[in-house]
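1. Dropping the sequence and predicted coords here.
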Amino acid sequence: MNLLSPLISKIARLRSWQIDNWKNYPVLAQRAVLQDLVTAGQYTHFGKKHQLSKLFTVKHFKEYVPIHEYSDLLPYIERMLHGEPNVLWNSPVHWFAKSSGTTSEKSKFIPVSEESLQYNHYKASKDILTNYYKNFPSSNLLAGKGLVVGGSHQVSKLEDDIQYGDLSAVLMQNSPFWGQWIRTPELSIALMDDWENKIEMLAQTTAQENVTSLAGVPTWTLLLLKRILEIKQKETIREVWPNLELYFTGGVSFVPYKEQFDKIIGAPINYIEIYNASEGFFAGQTHPDEEGMTLFTEHGIFYEFMPVEEYYGSKRTVGLREVELGKQYAIVITTSGGLWRYLVGDTIRFTSLNPYRIKVSGRLTHYINAFGEEVIIDNADHAIARACEVTHAKVSDYTAAPVYFSDNSNGAHEWLIEFDQPPDSLQAFTVALDDALKSVNSDYEAKRYKDIALRLPIVHALPKGVFAEWLASKNKMGGQHKIPRLSNDRDFLESIKKLSGIA
């Protein structure tokens, strides 16, 4: 199997010129993508309503087609779920990615067309692999198996030819032969709905495999790795999988988890961050040392970027030529699955403009701004990582929310933190967290000055397993389900406090 490496490296070099083309000319690539999308959608029900056949420029497109959130497109999607053709997209849509999210109890059903599979999800995956082999030509990545810690939903049917599951289930069911060849475990295990049994089956079966790569949300991947070490009675994953060389991470920031992964794996490996959501595969690191992920501009998605301050205003968007380094944007997409000017809900910032690279900074609805401090997930992740460094702690997960003014005290932020390794001192951790937030967020620093609006954060150390128990109580175990990191109200936090017994 190792003989494959030179061949794959040669193929990667041949394909890399195509990647260089869209990386070097991203605006041209985006114009071509939009033209293709508008041409395909012009005779759909949506296209006729919004006169897509008359649109020749980006300016006209933005004038005729309003920005949509999921509730705006839901009437169209419900028709598609019942099998009606030619609603949002011109080719048959038989698959939907079920995305439950963390901000609502209601599930979203995202259309996944054949075009979005082939020219977005799978094309982006091939480009990620191409770049990896270009950077590491002697890699034996494909000489072993890739372990995907996917979702917890089985594929379900709505109509005879209409099926849905979480994104990982949809991708696995439709993956090309090369995807089936390099993946583990078998589908019957990968698509199990019972997460506790699934973790056990994943651990029992893959512990015997030659696993060379991992992919999944860090929290659930760590849980699996710990169980594998118990089964094999080993100290590190390197003793179980000596050829492991790569971990694809996404879904949440990897910053708070890297030290834990380094320790449990027991040897250096490469970490590649990817941005693959139910709505599309948007970006990925082309090298482990890059800051940010390269935006995929020729992969069936047209991008617009809304300055976050516009969300409650005119909802003005800008294109690639107008974006600025470091500024917070909400991402707006038009896709080959029929999402037209769709507001994903994620916020990003650009780390490079040549090529265009981004980092996910949070969610439009995941922030704390009860006192004008505008703390986003990017700030919180940095502060948690710094506090861990100072106090020799390791955090497995966290959530935070505001404590409002009372007659007796000013406001504060209250944090619930599950430690994998407790800090030397919880008080020292709290001070380090506070100092780090001040260093990255001047608005927070101003509100903390002499406790003028905010006093020192309140930090609770939760017993291990509380967050998993809370997710289980909401039927959100495994896969893409995540604890809401920040909230501008106290609903999530109070629910978790009640479960954990904190007064």
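-> Here it is on my side, so go on. Residues are numbered from 1 along each chain as shown.

2. Against residue 387, how distant is residue 435?
-> From residue 435 across to residue 387, the span is 8 Å (Cβ to Cβ, to the nearest Å). Heads up, the C-betas are built off the backbone N, CA and C, glycines and all.

3. cool, residue 402 as well?
-> Using Cβ to Cβ, one gets 19 Å for the distance from residue 402 to residue 387.

4. who's more crowded, residue 435 and residue 387?
-> residue 387 (26 against 15; other Cβ atoms under 10 Å).

5. Please save the CA atoms from the helix or strand encompassing that one in CSV.
-> Per DSSP states H and E, residue 387 falls inside helix 377-391. In CSV, the C-alpha atoms belonging to helix 377-391 read as follows (Å, rounded to 0.1, in the frame of the first residue of the first chain):
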residue,chain,number,x,y,z
ILE,A,377,-16.2,33.2,21.1
ASP,A,378,-12.8,34.1,19.6
ASN,A,379,-12.1,36.2,22.6
ALA,A,380,-13.3,33.5,25.0
ASP,A,381,-11.3,30.7,23.4
HIS,A,382,-8.2,32.8,23.6
ALA,A,383,-8.8,33.7,27.3
ILE,A,384,-9.5,30.1,28.3
ALA,A,385,-6.3,29.0,26.6
ARG,A,386,-4.3,31.7,28.3
ALA,A,387,-5.8,30.9,31.7
CYS,A,388,-5.0,27.2,31.2
GLU,A,389,-1.4,28.1,30.3
VAL,A,390,-0.9,30.2,33.5
THR,A,391,-2.5,27.8,35.9
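
6. Report the buried residues of it.
-> 377-388, 390-391 (16 or more other Cβ atoms under 10 Å).

7. Which one among the residues you listed sits at the bottom for pLDDT?
-> Ranked by pLDDT, the buried residues of helix 377-391 bottom out at residue 378, which has 86.

8. any low-confidence regions in the stretch 351-500 of the chain?
-> 407, 476-481 (pLDDT under 70).

9. The same query, at a cut-off of 80, please.
-> 365, 372, 405-408, 452, 474-482 (pLDDT under 80).

10. Which parts of it are helices?
-> For the stretch 351-500 of the chain, the helices defined by DSSP state H, counting those that start in this stretch cover 377-391, 426-440, 442-448, 466-473, 491-500.

11. Same check on the stretch 201-350 of the chain?
-> Assigned helices in the stretch 201-350 of the chain, in chain order: 218-232, 237-240, 258-265 (criterion: DSSP H, counting those that start in this stretch).

12. mind giving me CSV with the ones you listed and columns for mean neighbour count?
-> Converted to CSV, those look like this (neighbours: other Cβ atoms under 10 Å):
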stretch, mean neighbour count
helix 218-232, 19
helix 237-240, 19
helix 258-265, 17
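
13. mind putting those helices in TSV, distance to residue 302 included?
-> Shown next, in TSV, are those (distance: least, Cβ to Cβ, whole Å):
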stretch	distance to residue 302
helix 218-232	30
helix 237-240	40
helix 258-265	33
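
14. got the domain boundaries for this protein?
-> The chain breaks down into these domains under automatic domain parsing: 1-361, 367-500.

15. coming back round to it: with distance to residue 66 added, can I get the helices of the stretch 351-500 of the chain in a markdown table?
-> Shown next, in a markdown table, are the helices of the stretch 351-500 of the chain (distance: least, Cβ to Cβ, whole Å):
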| stretch | distance to residue 66 |
| --- | --- |
| helix 377-391 | 28 |
| helix 426-440 | 35 |
| helix 442-448 | 31 |
| helix 466-473 | 35 |
| helix 491-500 | 30 |
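
16. Of those helices, which is nearest residue 364?
-> helix 377-391 (11.1 Å; Cβ to Cβ).

17. contact partners of the closest one?
-> The contact list for helix 377-391, computed with Cβ atoms under 8 Å, 6 or more residues apart in numbering, reads 253, 255-256, 259, 349, 359, 361-363, 366-367, 393-395, 398, 400, 417, 423-425, 428-430, 432-433, 435-437, 439-441, 444, 485-486.
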